[in-house]
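J.: Okay, structure incoming, though there's no sequence with it:
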């Protein structure tokens, strides 16, 4: 099945959000039994690792020349594999981020209990990602991306404040100092992994997820054991007991988390981390019916029906949707076809083209043209002028042609 690349990106990000919102409801039910974030987080990682290994092996089964995973989940996936040396440092950092994020999330969930408050409030991470990308990535965020990110973030904050009308300072500290830094580490380095080429092929989301949860589980086990030895607590033993006593619910969380993160990682391979996270912040919408269901069955306190608070929540959702629409409508892609004069080195020219902000890919080709350059920009007029001025300044370029992309298709 083929689908336009833009639609695939939104399908993946929204699917990840819906699954994550449903998982949060199960997390709230589990919170009645697992009151300690260390026990909660570690028991989740046990199941997360088992589920990830199981599905990665299952999706490696070959059927008519292709693996099940390649046919159904990720066209880049072939089979389960060992890590490559060049991936290791990124997996270590992404795994550490996952461990930090998970502890912070469960700490916040135990403190607040309502997923429709916890999930949107943590979307402030979008601003972190925009700042990080402006420092680490060649293609710095445009004014449109910054404005849209701020709008989405403000919408998420309004949606979170509206349930109680107050802001808990401890919750703020957890969000800004634990949850968001963990999200940044995980998202940025998972995207780097997805953008890598392994054995001259695109890296796949399934192996990335499996190894990410393996490293996160390892870091969490080490941390909890050291913490237990230092404080005299028994969190590690309690997490093993939780593994046995809550097998069913933890299995559901593990399965949901696996697919949610696989879809999220695939989306990271298409869009920048800040944009992907902005779209995933639609979880604020999907978390509302989950919280209503939890309140109806008595797992959380009834949701406030105060008209002012409802208006604030509605305003937050509108702001978030406006930000998402802004992201969707302003992205422009194009290709520049370049002819060179004889005698100029290919590698040097490719590097100069790659150094231009907005360039997403540079390919040397045989035929009528020497290079095909892929462009991604959110400021069409200024971006067009700026990029072409840079191209014209490169010595040796004889002729070029700009062609804007109208539609782009990809295997789903």
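T.: Looks like it arrived, so ask away. Treat the numbers as computed from the prediction; the structure is a model and nothing was measured.

J.: Now do the strands in the stretch 151-300 of the chain.
T.: Secondary structure of the stretch 151-300 of the chain, counting by DSSP state E, counting those that start in this stretch: strands at 197-198, 201-202.

J.: how about these in TSV, adding mean pLDDT?
T.: As requested, these are exported to TSV (pLDDT from 0 to 100):
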stretch	mean pLDDT
strand 197-198	83
strand 201-202	82
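
J.: which one of these lies closest to residue 341?
T.: Nearest to residue 341 among the strands of the stretch 151-300 of the chain is strand 197-198; the distance by C-beta to C-beta comes to 30.2 Å. Backbone N, C-alpha and C define where each C-beta goes, glycine included.

J.: How about residues contacting the closest one?
T.: With contact meaning C-beta atoms under 8 Å, 6 or more residues apart in numbering, strand 197-198 is reached by 81, 84, 87, 203.

J.: on that earlier part again, can I get the strands of the stretch 151-300 of the chain in TSV with mean neighbour count?
T.: Listed next are these as TSV, based on neighbours: other C-beta atoms under 10 Å:
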stretch	mean neighbour count
strand 197-198	14
strand 201-202	12
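
J.: check contacts around residue 267.
T.: 9, 12-13, 16, 276, 279-280.

J.: In helices only, show me the contacts of strand 197-198.
T.: Mapping the contacts of strand 197-198 onto helices (DSSP state H) picks out no residues; all lie outside.

J.: Out of the residues you listed, flag the one nearest to residue 265.
T.: The nearest one, if we look at these relative to residue 265 and count by C-beta to C-beta, is residue 203, at 9.2 Å.

J.: Skip the chain neighbours and tell me the closest residue to that closest one.
T.: Leaving out its chain neighbours, the residue that sits closest to residue 203 by C-beta to C-beta, 6 or more residues apart in numbering is residue 196, at 4.7 Å.

J.: would you turn the contacts of residue 267 into a markdown table with neighbour count and distance to residue 323?
T.: Shown next, in a markdown table, are the contacts of residue 267 (neighbours: other C-beta atoms under 10 Å; distance: C-beta to C-beta, whole Å):
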| residue | neighbour count | distance to residue 323 |
| --- | --- | --- |
| 9 | 23 | 16 |
| 12 | 26 | 18 |
| 13 | 26 | 13 |
| 16 | 24 | 18 |
| 276 | 27 | 13 |
| 279 | 24 | 9 |
| 280 | 27 | 12 |
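
J.: low-scoring stretches of the stretch 251-400 of the chain, by residue?
T.: 303-305, 324-331, 378-383 (pLDDT under 70).

J.: Going along the chain, name the helices of it.
T.: Here the stretch 251-400 of the chain has its helices, by DSSP state H, counting those that start in this stretch, at 273-280, 283-296, 307-330, 346-354, 380-392.

J.: if we can go back for a sec, could you export the strands of the stretch 151-300 of the chain to JSON lines, including columns for distance to residue 309?
T.: Listed next are those as JSON lines, based on distance: least, C-beta to C-beta, whole Å:
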{"stretch": "strand 197-198", "distance to residue 309": "49"}
{"stretch": "strand 201-202", "distance to residue 309": "46"}
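
J.: Those strands: which one's closest to residue 223?
T.: Closest among the strands of the stretch 151-300 of the chain, using C-beta to C-beta: strand 197-198, at 29.4 Å.

J.: Parallel or antiparallel, list what pairs with the closest one.
T.: strand 201-202 (antiparallel) (DSSP bridges).

J.: looking at the helices of the stretch 251-400 of the chain, which is buried most?
T.: helix 273-280 (a mean of 27; mean count of other C-beta atoms under 10 Å).

J.: what angle separates that helix from helix 307-330?
T.: Taking axes from the mean of the first three to the mean of the last three C-alpha atoms, to 10 degrees, helix 273-280 and helix 307-330 form an angle of 130 degrees between their directions.

J.: How far off centre is helix 273-280?
T.: 7 Å (C-alpha atoms, centre = their mean, to the nearest Å).

J.: what's it packed up against?
T.: Using 3 or more C-beta pairs under 8 Å, 6 or more residues apart in numbering; DSSP states H and E, the elements in contact with helix 273-280 are helix 5-31, helix 125-136, helix 143-161, helix 180-195, helix 247-268, helix 307-330.

J.: Can you lay out those helices as CSV showing distance to residue 235?
T.: What follows is the helices and strands packed on helix 273-280, written out as CSV (distance: least, C-beta to C-beta, whole Å):
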stretch, distance to residue 235
helix 5-31, 16
helix 125-136, 26
helix 143-161, 29
helix 180-195, 19
helix 247-268, 16
helix 307-330, 36
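
J.: wait, which of the ones you listed is closest to residue 171?
T.: Using C-beta to C-beta, the helices and strands packed on helix 273-280 put helix 143-161 closest to residue 171, at 8.9 Å.

J.: before we move on, back to that, need the phi and psi values for the residue nearest to residue 203.
T.: In terms of degrees, to the nearest 10, the main-chain angles of residue 196 are phi -70, psi 160.

J.: For residue 218, see how far away it is.
T.: 21 Å (C-beta to C-beta, to the nearest Å).
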